[in-house]
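[1] Next come a sequence and a model predicted from it.
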Amino acid sequence: MALAAYTKTCESNNGGGSKLYFIAKDDVTSFTLKTGSQYYDTMTLGSGKLFYEYDFEEYTAQLTPVMEGVQGATKWTHTLMFNMSALSDEQRTGLVNLIEENPCGLIGIFVDNNDRKWVLGYDEKDDGDHPLKVTSGAGDSKMDLLEPSEMVVTMVCINREQCREFVGTVTIT
């Protein structure tokens, strides 16, 4: 891609996330860039495969893409954090389900509070070879009655390009 001008658009710019979707890496066949664009408009899933929506505590989801570069080499570390809320058997099961996919990894879609969907764990240079994985889960029962217990999950994928927007429909179970 050649250098081009950048023009800031005047549109909503709210922080945080509103939805999270996950699917096993091997259940995604491909994402396709819209012709002449830099975003995905379609995805192909394996037969009968669907994304799973993960609920989280309101106003606790965050996506942080960080680029590092040295002598023409670049890497993007995409960190996804969200609070699964109260310590519970349901929360434990949800986290265990994510962790069990760590050997092969996940593809994630983070929906920000501007209704933009960001693809994590898949890029044009590596396809799904550098998927999203759980790197930590930090629970805390708290001490005071007015402090809600929590389980903050951190997931990371390291890719050779920044995550891309997906403008299509996410099919869920």
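    Cool, the structure landed.
[2] any residues touching stretch 165-173, and which ones?
    21, 31, 34, 39-43, 45, 50-53, 109, 116-119 (CB atoms under 8 Å, 6 or more residues apart in numbering). No exception for glycine: its C-beta is placed from N, CA and C like everyone else's.
[3] measure residue 69 to residue 125 for me?
    Separation of residue 69 from residue 125 (CB to CB, to the nearest Å) stands at 14 Å.
[4] from the contacts of stretch 165-173, which ones fall inside strands?
    21, 31, 40-43, 45, 52-53, 109, 117-119 (DSSP state E).
[5] related to what we said a few turns ago, buried subset of the contacts of stretch 165-173 as a PyMOL selection?
    Selection command for PyMOL covering only the buried members of these, criterion 16 or more other CB atoms under 10 Å:
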select buried, resi 21+31+39+40+43+51+109+117+118+119
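[6] picking that back up, which of the ones in strands among the contacts of stretch 165-173 sit farthest apart?
    Between any two of those, the greatest separation by CB to CB is 22.1 Å, found for 41 and 52.
[7] Can you list the low-confidence ranges for this structure?
    By pLDDT under 70, the weakly predicted segments of the chain are 1.
[8] Which parts of the protein are helices?
    89-100 (DSSP state H).
[9] where do the strands sit along it?
    Using DSSP E, strands in the chain cover 17-24, 28-33, 40-45, 52-54, 62-70, 73-83, 106-112, 117-120, 133-140, 150-159, 165-166.
[10] Can you lay out those as a markdown table showing distance to residue 10?
    What follows is those, written out as a markdown table (distance: least, CB to CB, whole Å):
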| stretch | distance to residue 10 |
| --- | --- |
| strand 17-24 | 21 |
| strand 28-33 | 26 |
| strand 40-45 | 24 |
| strand 52-54 | 31 |
| strand 62-70 | 22 |
| strand 73-83 | 26 |
| strand 106-112 | 17 |
| strand 117-120 | 21 |
| strand 133-140 | 36 |
| strand 150-159 | 29 |
| strand 165-166 | 18 |
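[11] check contacts around residue 118.
    Counting by CB under 8 Å, 6+ apart, residue 118 touches 63, 109, 110, 111, 112, 163, 164, 165, 166.
[12] rewinding a little: closest to residue 78 out of the ones in strands among the contacts of stretch 165-173?
    For the ones in strands among the contacts of stretch 165-173, the nearest to residue 78 is residue 118 (8.4 Å; CB to CB).
[13] Fine, thanks again, bye for now.
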